[in-house]
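turn this into a model:
(4 chains)
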2 protein chains.
Amino acid sequence: MSSIKEIAKYIGISPASVSIYLNNKDTNRVSRETKIRIDQAVKDFNYHKNFFAKSLSTHESNLIGILIPTILPLFENDYTNALLAGIQTRLSYFGYGILFFPSSAQSSIEIVKEQLEKSAGCDGYLLFSTGFCTMNQIRKNIEEVKQTKRPFVTLNIPRVDEDVNQVLLEDLDVVSGVRYLLKNGHRNILLLLGRSKGEHSRYLKDDFKQLMEQYPAGYDDHKVLYGEYSAEKSYSVIRTALEKYPETTGICCMSDIMAASSMQAIRDSGKSVPSDISVIGRNNSIHSKLTYPLLSTIDLHMREAGLSAANLLLDTLAGNTVTQKILMSGSLVERDSVRMIV
Amino acid sequence: MSSIKEIAKYIGISPASVSIYLNNKDTNRVSRETKIRIDQAVKDFNYHKNFFAKSLSTHESNLIGILIPTILPLFENDYTNALLAGIQTRLSYFGYGILFFPSSAQSSIEIVKEQLEKSAGCDGYLLFSTGFCTMNQIRKNIEEVKQTKRPFVTLNIPRVDEDVNQVLLEDLDVVSGVRYLLKNGHRNILLLLGRSKGEHSRYLKDDFKQLMEQYPAGYDDHKVLYGEYSAEKSYSVIRTALEKYPETTGICCMSDIMAASSMQAIRDSGKSVPSDISVIGRNNSIHSKLTYPLLSTIDLHMREAGLSAANLLLDTLAGNTVTQKILMSGSLVERDSVRMIV
DNA sequence: TTGTAGGCGTTATCAA
DNA sequence: TTGATAACGCCTACAA
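Have a look, this model is predicted:
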């Protein structure tokens, strides 16, 4: 591998001059003629700067580490992908690369620890949370990242008191789906969440309960279902539930995929959307635009959340020291899967 | 930032001993007692190894660079995501991280050049191609990566004569969709491709032509349409085409999303799937499982292709020098969107 | 305009 | 079992 030294020796100047020029082509600390010779040598040697040596020397890497405490494969989840798309778009624009480091650990805390360990040297981090994490684990993860003394931003993590930069996704967006159904006169509602464990589910269930208890039909614990974000599971759960609760007129789903599956289940149960049963999804992902009828949903603005997170991190990297909490709230996208009951 | 030196000084031994122990806890080149003191110091100082210094010294990074010549945001494309999911799964398992580096360039060649430049030092690379690339650009990109002398594997790139490790996706999978329609008695077929430019489209169109010319109805250039992989565009293109060619009985689509959109267009044209018009997609993505009727499609095994690519790269990294071409061929998934014409 | 020298944090070699 | 020392490739004072 060719080095700056070789180049310098080749054209008979000092490494310093080569380095200076290569880092600033407009410098006037190197003569016009020397510049040309350096350029030529770079080509001749097919010289590429050694990234590690540079980073070691400058304490900068132009790399952002993505910390995701999950044991599932990446890039297979609608939400995360939209988030990542936003992040990557913004970071790329400002010349930053992104780094995913793996972990063979099983617990959320261990995973983040390992990811941090291996990606030490990143200029900053984006810390995700997933449905698996408990609040306790999340706090520990935050502590762990803090210890690196590097700037970081959390994403998809509930609000934390301390001075941590966060992009917050309003937790209640499923509930705003429920609210929408209620507003449209629905009283017999099924709530289809993702996983039954984890902080998130607990919140959502509580909110749902609180909301439903204001109505005579009331709250029924068995009407909170779990589709595990999978099409198959959602389908079977809803089919069963529809038999058990034929009075159902509305289903509020935690994801568009689960909503689309629910629509299939409804159809196969001999009922139709929205005349018999209304369905509302969440995320305004492409799926919501491909169902029949078109799926009403809550747009979570995940892509924008990713952009904001990247912006916030970039700001901090640039020296901004004011801690920010950016709150993304969902917005209702009314399409054809919900009808008004009169 | 604490260093190995500090630690060594702190407990009064040499950096070398610390390094040796930290890299192999079971070493017998360090005394039992010293080990304990090192462990303690590591905790006291909250010491983390410097990734760059290590890589500089060992010429290894445990990092694989992903080279994708596209100006579009990453993580927004079904195919690529499935590929990446496979790649990440396997690489993670073997302790490798993945690195995405950005480029502000506009041409495929410049992008790869810049990505390579910035990610210099990766242990290996995965080179993608996208619909944008011409064969000429692809060749240049391969040359560029070769110059790094690092192992690499190409993905989604047509076969190249030279001794390049490649995972090949059988280009003809759209055509096998057409073949399936033909086998089911369809003669008036629309082909919905992605983009009109690029190597891939040209191939596919040629193959389609060849196939159709064997039948009396023959080949009509206007029946090759371009949906740009977008739901909206596909919808409008198909609506228009259906008015122009009411004799159409089958549509073969390059992606499941475009197929799902086509199904919407068909429905809104007052026709139905599959009784009036049959539709076949490509990729066996989640979309194909959420349409009504369920979409027949060609499974491209993208995830497995990603796994294979990672395996191949890992093998090469491990010293295997035999060049391999792994051919992934698609398989038909028969569901409910195609009917037999008798 | 150019060169020298020291340092970034780690590993590797060799000697003790 | 441990320590010195050089090397990895680059950057940055400072000196010339």
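
only C-alpha atoms from now on, for both contacts and neighbour counts.
OK.

burial measure for A:Pro246, as a count.
9 (other CA atoms under 10 Å in any protein chain shown).

after the helix or strand encompassing A:Lys35, next one along is what?
Per DSSP states H and E: A:Lys35 is located in helix A:32-45. As assigned by DSSP H and E, the chain's next helix or strand after helix A:32-45 is helix A:51-58.

any residues touching that next one, and which ones?
Helix A:51-58 is contacted by residues A:Glu60, A:Ser61, B:Phe52, B:Ala53, B:Ser55, B:Leu56, B:Lys118, B:Ser119, B:Ala120, B:Gly121 when judged by CA atoms under 8 Å, 6 or more residues apart in numbering or on different chains.

try stretch A:23-38
So stretch A:23-38 is contacted by A:Ile7, A:Ile11, A:Ser17, A:Val18, A:Ile20, A:Tyr21 (CA under 8 Å, 6+ apart).

hang on, the earlier thing: what pLDDT, on average, does the helix holding A:Lys35 get?
Computed over helix A:32-45, the mean pLDDT rounds to 87.

which residues belonging to that helix are considered buried?
Across helix A:32-45, burial judged by 16 or more other CA atoms under 10 Å in any protein chain shown covers A:Thr34, A:Lys35, A:Arg37, A:Ile38, A:Ala41, A:Val42.

next one: stretch A:195-203
By 16+ other CA under 10 Å, the buried positions in stretch A:195-203 come out as A:Arg195, A:Ser196, A:Glu199, A:His200, A:Ser201.

from the chain's centre, how far out does it sit?
Mean C-alpha position of stretch A:195-203 versus that of the full chain (CA atoms, centre = their mean, to the nearest Å) differs by 17 Å.

how about stretch A:92-101?
From the chain centre to the centre of stretch A:92-101 is a distance of 15 Å (CA atoms, centre = their mean).

do the helix holding A:Lys35 and DNA strand D meet at all?
No: counting by CA under 7 Å from any atom of the strand, DNA strand D has no neighbours in helix A:32-45; the shortest distance is 10.5 Å.

centre of the chain to that helix, how far?
Counting by CA atoms, centre = their mean, helix A:32-45 is centred 45 Å from the centre of its parent chain.

that helix and DNA strand C, any residue contact?
Yes: Helix A:32-45 reaches DNA strand C (CA under 7 Å from any atom of the strand) through A:Arg32, A:Glu33, A:Thr34.

just for chain A, where's the confidence low?
Residue ranges of chain A with pLDDT under 70: A:1, A:171-173.

break it into its domains for me.
Domains of chain A are assigned by automatic domain parsing as A:4-49, A:63-170+A:303-330, A:176-299.

want to throw the ones you listed into JSON lines with distance to B:Ile138?
JSON lines is the format used below for those (distance: least, CA to CA, whole Å):
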{"stretch": "domain A:4-49", "distance to B:Ile138": "20"}
{"stretch": "domain A:63-170+A:303-330", "distance to B:Ile138": "22"}
{"stretch": "domain A:176-299", "distance to B:Ile138": "31"}
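
so A:Val279 is in which element?
Judged by DSSP H and E, A:Val279 forms part of strand A:278-280.

now A:Asn136
Using DSSP H and E, A:Asn136 maps to helix A:135-146.

which residues touch that helix?
Here helix A:135-146 makes contact (CA under 8 Å, 6+ apart) with A:Ser108, A:Ile109, A:Val112, A:Lys113, A:Leu116, A:Tyr125, A:Leu127, A:Ser129, A:Phe152, A:Ile157, A:Glu199.

next one: stretch A:147-162
Outside stretch A:147-162, the residues that touch it by CA under 8 Å, 6+ apart are A:123-130, A:138, A:145-146, A:164-169, A:171, A:309, A:312-313, A:316-317.

ok, and of these, which contact DNA strand D?
Filtering the contacts of stretch A:147-162 for proximity to DNA strand D by CA under 7 Å from any atom of the strand leaves nothing.

drop anything exposed from those residues.
Buried among those by 16+ other CA under 10 Å: A:123-130, A:138, A:145, A:164-169, A:171, A:309, A:312-313, A:316.

hey, C-alpha coordinates of the strand or helix carrying A:Glu232 in PDB?
For A:Glu232, the element it lies in under DSSP H and E is helix A:231-244. What follows is helix A:231-244, C-alpha atoms only, in PDB (Å, rounded to 0.1, in the frame of the first residue of the first chain):
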ATOM      1  CA  ALA A 231     -48.700 -10.600   8.500                       C
ATOM      2  CA  GLU A 232     -49.400 -14.200   9.200                       C
ATOM      3  CA  LYS A 233     -49.800 -13.800  13.000                       C
ATOM      4  CA  SER A 234     -52.000 -10.800  12.600                       C
ATOM      5  CA  TYR A 235     -54.200 -12.600  10.200                       C
ATOM      6  CA  SER A 236     -54.900 -15.500  12.500                       C
ATOM      7  CA  VAL A 237     -55.300 -13.400  15.600                       C
ATOM      8  CA  ILE A 238     -57.900 -11.200  13.900                       C
ATOM      9  CA  ARG A 239     -59.800 -14.100  12.400                       C
ATOM     10  CA  THR A 240     -60.100 -15.700  15.900                       C
ATOM     11  CA  ALA A 241     -61.000 -12.400  17.500                       C
ATOM     12  CA  LEU A 242     -63.700 -11.700  14.900                       C
ATOM     13  CA  GLU A 243     -65.400 -15.000  15.700                       C
ATOM     14  CA  LYS A 244     -65.200 -14.300  19.400                       C
END
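
give me the contacts around it.
The contact list for helix A:231-244 (CA under 8 Å, 6+ apart) reads A:192, A:223, A:225-228, A:248, A:257-258, A:260-262, A:264-266, A:269, B:289-290.

got a quick ChimeraX command for the buried subset of these?
To isolate the buried members of the contacts of helix A:231-244 in ChimeraX, using 16+ other CA under 10 Å:
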select /A:192,223,225,226,227,228,248,257,258,260,261,262,264,265,266 /B:289,290
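
keep only those of the contacts of helix A:231-244 that are in helices.
A:Ile257, A:Met258, A:Ala260, A:Ser261, A:Ser262, A:Gln264, A:Ala265, A:Ile266 (DSSP state H).

between those residues, which sits nearest B:Pro69?
Comparing the ones in helices among the contacts of helix A:231-244 against B:Pro69 with CA to CA places A:Ile257 closest, at 30.0 Å.

who touches that closest one in this structure?
A:Tyr229, A:Ser230, A:Ala231, A:Gly281, A:His287, A:Ser288, B:Leu290.

show me the helices in the stretch 101-250 of chain A, by range?
With DSSP state H, counting those that start in this stretch as the criterion, the stretch 101-250 of chain A has helices at A:108-118, A:135-146, A:173-183, A:199-212, A:231-244.

that older thread, out of the contacts of A:Ile257, which is most surrounded?
When neighbours are counted by other CA under 10 Å, A:Gly281 leads those with 30 neighbours.

does that residue really touch A:Thr297, like I thought?
Yes: using CA atoms under 8 Å, A:Gly281 makes contact with A:Thr297 at a distance of 4.3 Å.

returning to that earlier point: would you turn the contacts of A:Ile257 into CSV with distance to A:Asp78?
Shown next, in CSV, are the contacts of A:Ile257 (distance: CA to CA, whole Å):
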residue, distance to A:Asp78
A:Tyr229, 10
A:Ser230, 12
A:Ala231, 13
A:Gly281, 13
A:His287, 10
A:Ser288, 12
B:Leu290, 15
